[in-house]
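Undergrad: The sequence isn't on hand, but the structure is:
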């Protein structure tokens, strides 16, 4: 018989799940953002919040987390999954287009911010080594929180969002040289000097190139093999395996795990599995990133803040203002309009999670006193906690500034044929779906297709078709195909239960969407009308009409009268079927009208 479970072993998990399922929804009703909500939970349950009272009130010990290391692996996984998702959004082509921003704007921001902060620390009496550490640590920004805020506000594709991501990517790439500099200053780095740095950087480059080469060879066949099984569980497993394996590979070379996950995302961004991978990873990313935000809140030492509030708040304000000014000025030099430059500055002005790592290494290596490292840690943590508020401030300032031309590299990424603009979604790409798509192409109407047959999708992708692999009955996957911007949804799948599920889910998500669905027979068509289809095409009815047309023409009846009678009979059938489900007439009329208007617009010269 197994031993009974120890409730204390599950304490951290219960607190985190309680925050995600109970506390955060309450904060949401109070209009407190998810990002800030998780950090407030961390402050409350951390060692400097209720945890500081646990030794006086033992009953509180069940509701606090005093050991931040207990949740560190999950917190790091949140950042790793976040960078993986960013890689899926970016694509290698977009990253190449952004290279000037990454290696230009990003590098200058890091150097200028580190120099300004280091000079200020030196002027205040810090040693040279301490000033260098202070500059490097606080020049870093929070990749996890900034990207989470941008994603929540749907601004990742904005000019400010793209510029911020570019700077954050450079900061992640700078992990290797920064750690090398700290090692040289500590005297523990073997083979110091320029050659030592070159060797460390070369190792990191070789690791990334190795991940890229292996990924290009193995990722698509591996995902195709799993997709053939049709098992959602195996697909989840392969997604997590890829994220962890690539992250650990780059971590072994001295880079962060997040960098390896970013590379994996970039490699998968051009495949037919991208959309389903996004849908699969999103829940894990959201929860694990929540753990990271809780860990950030747990690191906020309220006692130290209460001991010297004016000094800490003044230093935090000076840090954000100085970095924001540097980012804004450099952003203008790289083509950002003032509104985007200021927004990027406010987002990148606070400290970052890697700064906390640098302060920990510096204190352990004797590069600065523990008290000084603690001061820097609370500066970074406090400013990270106010990023959502700074973003809201940037939104207000953004509304008051006039728009200006934007560098093309800052524009939202191209999402493939049809996506990001009015398009038709074709669910199911067998013979029926291919015929519908061919007619859409003939009339120059953009479309994107979806199918759960991995081999079929691979063949169509090889022909340049805009098709993705995935389970079309999942509404979150349809949203990834820009359901909100779609002109119409055409459901051609032969699985009638899946057709019903997709039609009903799509109608709930888009009451005004034109939905045309393939039906088994007249009874099934009536059911589809009832649950939300705009038009339902019964296979048996259409087959009988085509047979009738063929026999009439073959026995010598003129083509014109035959076509007219076929159309009349089809209208009779449709009227009989719709009479069984009259409650969707308004929706059908609205959907048809919108599709006609969109088609007319597309047909105009110059449209």
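TA: All right, it came through fine. Just so it is clear, the model here is predicted, and its values are computed rather than measured.
Undergrad: CA only for contacts and neighbour counts going forward, please
TA: Noted.
Undergrad: What distance do you get for the closest residue to residue 178 other than its chain neighbours to residue 259?
TA: Counting by C-alpha to C-alpha, 6 or more residues apart in numbering, residue 136 is the residue found nearest to residue 178 once chain neighbours are left out, at 7.5 Å. For residue 136, the distance to residue 259 equals 19 Å [C-alpha to C-alpha, to the nearest Å].
Undergrad: before we move on, back to that, check which element follows whatever helix or strand the residue nearest to residue 178 lives in along the chain.
TA: According to DSSP states H and E, residue 136 maps onto helix 128-139. Scanning forward in sequence from helix 128-139 by DSSP H and E, the next helix or strand is helix 143-152.
Undergrad: What lies in contact with that following helix?
TA: The contact list for helix 143-152 (C-alpha atoms under 8 Å, 6 or more residues apart in numbering) reads 35, 79, 82, 156, 161, 165, 168, 289, 293, 347-348, 352-353, 384, 387-388, 391.
Undergrad: Mind checking which of those residues land in strands?
TA: Using DSSP state E, no member of these sits in strands.
Undergrad: Spit out the contact partners of the residue nearest to residue 286 when sequence neighbours are not counted.
TA: Ranked by C-alpha to C-alpha, 6+ apart and with sequence neighbours excluded, the top spatial neighbour of residue 286 is residue 78, at 7.4 Å. Shown in contact with residue 78 (C-alpha under 8 Å, 6+ apart): 284, 285, 286, 287, 288, 289, 290, 291, 292.
Undergrad: Make a markdown table out of those and add pLDDT, neighbour count and distance to residue 277.
TA: Formatted as a markdown table, the contacts of residue 78 follow (pLDDT from 0 to 100; neighbours: other C-alpha atoms under 10 Å; distance: C-alpha to C-alpha, whole Å):
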| residue | pLDDT | neighbour count | distance to residue 277 |
| --- | --- | --- | --- |
| 284 | 87 | 17 | 11 |
| 285 | 87 | 21 | 12 |
| 286 | 84 | 17 | 14 |
| 287 | 86 | 18 | 16 |
| 288 | 87 | 24 | 16 |
| 289 | 84 | 26 | 17 |
| 290 | 86 | 29 | 20 |
| 291 | 87 | 31 | 21 |
| 292 | 87 | 27 | 22 |
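Undergrad: for these, which one is nearest residue 546?
TA: For the contacts of residue 78, the closest approach to residue 546 (C-alpha to C-alpha) belongs to residue 284, at 50.0 Å.
Undergrad: Determine the set of other helices and strands touching the helix or strand hosting the closest one.
TA: Per DSSP H and E, residue 284 falls inside helix 274-298. Using 3 or more C-alpha pairs under 8 Å, 6 or more residues apart in numbering; DSSP states H and E, the elements in contact with helix 274-298 are helix 34-45, helix 72-90, helix 232-252, helix 370-385, strand 467-469, helix 475-480.
Undergrad: Now do that helix: distance to the chain's middle.
TA: Computed by C-alpha atoms, centre = their mean, to the nearest Å, the chain-centroid distance of helix 274-298 equals 9 Å.
Undergrad: The next helix or strand after it packs against which elements?
TA: Downstream of helix 274-298, the next assigned helix or strand under DSSP H and E is helix 302-307. Under the contact definition 3+ C-alpha pairs under 8 Å, 6+ apart, helix 302-307 sits against no other helix or strand.
Undergrad: quick revisit: how near is the residue nearest to residue 178 to residue 114?
TA: Noted for residue 136: a distance of 5 Å to residue 114, by C-alpha to C-alpha.
Undergrad: Provide the secondary structure category for residue 515.
TA: Under DSSP: H, G, I helix; E, B strand; the rest coil, residue 515 falls in the strand class.
Undergrad: Quick one: residues contacting it.
TA: Listed by C-alpha under 8 Å, 6+ apart, the contact set of residue 515 reads 488, 489, 490, 491, 503, 507, 532, 533, 534, 535, 591.
Undergrad: Kindly state the beta-bridge partners for it.
TA: residue 489 (DSSP bridges).
Undergrad: Low-confidence stretches in the chain?
TA: For the chain, the stretches with pLDDT under 70 are 1-8, 183-197, 200, 397-421, 581-607.
Undergrad: Tell me who's in contact with the residue nearest the centre of it.
TA: Geometric centre of the chain, nearest residue: residue 85, 4.5 Å, by C-alpha atoms, centre = their mean. Each residue near residue 85 by C-alpha under 8 Å, 6+ apart is listed here: 262, 265, 278, 281.
Undergrad: a markdown table for those residues, including distance to residue 233?
TA: Output for the contacts of residue 85, formatted as a markdown table (distance: C-alpha to C-alpha, whole Å):
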| residue | distance to residue 233 |
| --- | --- |
| 262 | 23 |
| 265 | 20 |
| 278 | 15 |
| 281 | 12 |
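Undergrad: So which bits of stretch 102-121 are buried?
TA: 102-110, 112-119, 121 (16 or more other C-alpha atoms under 10 Å).
Undergrad: likewise stretch 341-358?
TA: 341-356, 358.
Undergrad: same thing with stretch 488-502?
TA: Neighbour-count burial for stretch 488-502 flags 488, 489, 490, 491, 492, 493, 496, 498, 499, 500, 501, 502 (criterion: 16+ other C-alpha under 10 Å).
Undergrad: Run the chain-centre distance for that stretch.
TA: With C-alpha atoms, centre = their mean, you get 27 Å for stretch 488-502.
Undergrad: And the contacts of it?
TA: Counting by C-alpha under 8 Å, 6+ apart, 423-430, 432-433, 472-475, 503, 513-520, 528, 531, 595 sit against stretch 488-502.
Undergrad: Next step: these restricted to helices.
TA: With helices taken from DSSP state H, the overlap with the contacts of stretch 488-502 comprises 432, 433, 475, 503, 528, 531, 595.
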